[in-house]
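Q: need a structure here:
(chains A and B)
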Amino acid sequence: MKQLTVLSGKGGTGKTTITASLAILANNPVIADCDVDAPDLHMLLHPEIIETQEFKGSKLAEIDQNKCIECGLCQKACRFEAITDFKIDAMRCEGCGTCLTVCPESAIYLKERVSGQAFISKTKYGMMSHALLFPGEANSGKLVTLVRHNARQIAEKEKSSLILIDGPPGLGCPVIASVSGIDVGVIVTEPTVSGIHDMKRVLKLLNYFNVLSLICINKHDINKENTQKIEKFCEKQKIGVVGKISFDPIVTEAMVSEKPVVNYSPENVVSREIKELWESIRRLM
Amino acid sequence: MIVSIASGKGGTGKTTVAVNMALSLQNVQLLDCDVEEPNAYLLLHPKIKETKPVYLWVPVVDEKKCNYCGECAKFCQFNALFVAIQKVLFFPELCHGCGGCAIVCPRNAIKEKKRKIGTIKIGVADGIQLVYGELNVGEPMATPVIAEVKKQSQNNSTVIIDSPPGTSCPVIESVYKSDYCILVTEPTPFGLYDLKIAVEVLERLNIPLGVIVNRAGIGDRKVYEYCREKEIPILLEISYNKRIAELYSSGTPFVLKMPEWKQKFQQVFSEIKGRST
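A: Numbering: from 1, shown residues only, chains lettered A, B, ... in the order given. So this is what the prediction gives:
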């Protein structure tokens, strides 16, 4: 079983658009949406939820106001500025428990905190593992780990040969959780100054985790000079450019119709280019 | 006044709005809080005046004092400490730096030391003071670096905060204590879905908000319908425009080549100034 994550560093380069189409082209993969803060893949793949799990990622400190003598020691000990006026700010509390250790009255306790939900679903193109972190909650990395754990279990049961993962933007904990132990990372970049900068940082991350990196240049025709820069850079670093996808309004049209672009307009140039992308990835995997 | 620029969905144009707005106003400080992928400096080319390391306090166990009782590992909510037979294992990437293990250790065997997780840079470009952070590649925790960037904010300037995408802890840290938040979205189903999540977060934080619709003209009208129903003001529309996209791709803030936009950003700013007071 192989695990492939679609990444980008910079947001909005086309990760989800491309993942949705790859889900159709790959033969019955297990699909995992690891952008748990702002998941969008379900809007294109329309999963039918079979199972919902509560996600208890962290704890939350609570002060028993009847026991509290307002000494302020907890406020001093908290390094996350989560306690003011002897009250816990749930949005800032990391659930570390340090406040408990300094309270002379044992007035503080930790309680479980439900920070989101994980789902196991069925789509037309394969089983899907996805989740939703409740707005403003922490620990998205742990929820990503749960989504991937669920995906692996399904893949083992169904004897799937591929887990296709839609990764989050950025480089921090949810991204690290999305790439640890995978076989291939496909970085979707765009020929903009920021797109290139962010691609290079993700490449570093994938090297750090010893993962094979492949590059797909989305909207390659919006700045040909920058596209050449990316290609030259990849040639020098011996990184495979596995796809170049044109800018076309059909991509937004497909999104508005809530369909993956290879289904919405199979003969369009973008769909043909995504098919070529998939063929190249498959050969290299 | 502190104005943060956030979005939910990535790539909607947060940095474009933050940088162009900063260039349209006087006496501005721009804090780029997207420390995982900082981009504002790529558009502003600042002259860097100061570089500061960002540290997290992490435990060091004095094995001469330690009797492997396991209290520290039992305490740690993040599984960063593991006590084996005659050995304490520490996993630095899991440590949040809360300092609790040093407090609970009955033999006083835990001291703390600084571990570098990133850098912040302070520079100047076109009269704007730019502060940005860079999380070291491979480090999971962005919030301490964001907190360090925010510590540089100046009371006597207009502070613009460029937030990272998403809706979890790095976003909360970035927008926390802002007087107003501008959510940048695009009129597409993804843009709308992620906008709704971002609005929920800001409502929980009690921060007044307005929307800038970027790439107006693509997609559909549902973002507008949602904003009307929720009575969220649409502060500005930036039409999908090939010139703006080209300028962005080559790293040029569009107000520098299309100065007529400066006035629009100034109007947005005076509108939110009115709304936040």
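Q: Kindly report the residues of the stretch 1-150 of chain A close to chain B.
A: Neighbours of chain B within the stretch 1-150 of chain A, by CB under 8 Å from any CB of the partner chain: A:8-13, A:16, A:37-38, A:40, A:43, A:58-59, A:77, A:79-80, A:91-92, A:94-98, A:101-102, A:110, A:133, A:135-141. For every residue, glycine as well, the C-beta is placed using N, CA and C.
Q: What about these, which are in strands?
A: The strands, defined by DSSP state E, take in A:58-59, A:110, A:133 from the residues of the stretch 1-150 of chain A next to chain B.
Q: of all the residues you listed, which two lie farthest apart?
A: Farthest apart among those by CB to CB are A:Leu110 and A:Leu133. That separation is 19.9 Å.
Q: of the two, who's got more company?
A: When neighbours are counted by other CB atoms under 10 Å in any protein chain shown, A:Leu110 and A:Leu133 differ, and A:Leu133 comes out ahead with 29 against 17.
Q: I'd guessed B:Asn108 sits against B:Lys65; true?
A: Yes. B:Asn108 lies in contact with B:Lys65 (CB atoms under 8 Å); the separation is 6.6 Å.
Q: Now the phi/psi pair for A:Leu205, please.
A: The phi/psi pair for A:Leu205 (degrees, to the nearest 10) reads phi -60, psi -40.
Q: Can you report how many residues neighbour it?
A: Using other CB under 10 Å, A:Leu205 has 23 other residues around it.
Q: what's the distance between it and A:Glu235?
A: Separation of A:Leu205 from A:Glu235 (CB to CB, to the nearest Å): 21 Å.
Q: cool, A:His197 as well?
A: 19 Å.
Q: Of those two, give the one with the bigger neighbour count.
A: Using other CB under 10 Å as the criterion, A:His197 and A:Glu235 rank with A:His197 on top: 18 against 11.
Q: pretty sure that one is in a helix, no?
A: Yes. The assignment for A:His197 (DSSP: H, G, I helix; E, B strand; the rest coil) places it in a helix.
Q: right, and it touches B:Glu37 too?
A: Yes. With contact defined as CB under 8 Å, A:His197 reaches B:Glu37; the gap is 7.5 Å.
Q: where do the contact lists of those two overlap?
A: Here A:His197 and B:Glu37 have A:9-10 as joint contacts, going by CB atoms under 8 Å, 6 or more residues apart in numbering or on different chains.
Q: Touching stretch A:190-202 from outside, list them.
A: Stretch A:190-202 is contacted from outside by A:7-10, A:13-14, A:171, A:175, A:185, A:187, A:189, A:215, A:217-220, A:222-227, A:229-230, A:233, B:15, B:36-37, B:39, B:42-43, B:137, B:248-251, using CB under 8 Å, 6+ apart.
Q: Filter those down to just the ones in strands.
A: Per DSSP E, strands hold the following members of the contacts of stretch A:190-202: A:7, A:185, A:187, A:189, A:215, A:217-218.
Q: Helices of the stretch 1-150 of chain B, start to end?
A: Remark: helices assigned in the stretch 1-150 of chain B by DSSP state H, counting those that start in this stretch are B:14-24, B:40-44, B:71-75, B:100-104, B:143-151.
Q: How about the stretch 51-200 of chain A?
A: Along the stretch 51-200 of chain A, the stretches classed as helices by DSSP H, counting those that start in this stretch are A:73-77, A:98-102, A:140-158, A:173-179, A:193-208.
Q: Dump those helices into CSV; add mean pLDDT as well.
A: Converted to CSV, those look like this (pLDDT from 0 to 100):
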stretch, mean pLDDT
helix A:73-77, 97
helix A:98-102, 97
helix A:140-158, 96
helix A:173-179, 96
helix A:193-208, 97
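Q: Most tightly packed of these?
A: Highest mean neighbour count among those (mean count of other CB atoms under 10 Å in any protein chain shown): helix A:173-179, with a mean of 26.
Q: from the chain's centre, how far out does that helix sit?
A: Centroid displacement of helix A:173-179 relative to its chain, using CA atoms, centre = their mean, to the nearest Å, is 7 Å.
Q: mind listing what's buried in stretch B:146-159?
A: Neighbour-count burial for stretch B:146-159, counted by 16 or more other CB atoms under 10 Å in any protein chain shown, picks out B:146-150, B:152, B:157-159.
Q: how about the helix or strand where B:Arg228 lies: buried residues?
A: For B:Arg228, the element it lies in under DSSP states H and E is helix B:222-230. By neighbour count on 16+ other CB under 10 Å, the buried set for helix B:222-230 is B:223-224, B:226-227.
Q: now for those residues, which pair is the farthest apart?
A: Using CB to CB, the buried residues of helix B:222-230 span at most 7.3 Å, a distance reached by B:Tyr224 and B:Tyr226.
Q: quick one, domains of the chain?
A: In the absence of a named chain, this looks at chain A. Chain A is divided into the following domains under automatic domain parsing: A:2-56+A:118-284, A:58-113.
Q: um, chain B though
A: Domain assignment of chain B by automatic domain parsing yields the ranges B:2-54+B:118-276, B:63-108.
Q: ends of the last one, how far apart?
A: Think domain B:63-108. Its start and end residues considered, domain B:63-108 measures 11 Å (CA to CA, to the nearest Å).
Q: How about the first one?
A: Taking CA to CA, the first and last residues of domain B:2-54+B:118-276 lie 10 Å apart.
Q: before we move on, the earlier item: out of the helices of the stretch 1-150 of chain B, nearest to chain A?
A: Closest to chain A of the helices of the stretch 1-150 of chain B, according to CB to the nearest CB: helix B:100-104, at 3.7 Å.
Q: what about that closest one, average pLDDT?
A: Average pLDDT, helix B:100-104: 97.
Q: Just the CA atoms of it, as PDB, please.
A: Presented in PDB, the C-alpha positions along helix B:100-104 are these (Å, rounded to 0.1, in the frame of the first residue of the first chain):
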ATOM      1  CA  GLY B 100       5.000  22.000  34.300                       C
ATOM      2  CA  CYS B 101       7.400  19.000  34.400                       C
ATOM      3  CA  ALA B 102      10.000  21.100  36.300                       C
ATOM      4  CA  ILE B 103       7.400  22.000  38.900                       C
ATOM      5  CA  VAL B 104       6.200  18.500  39.500                       C
END
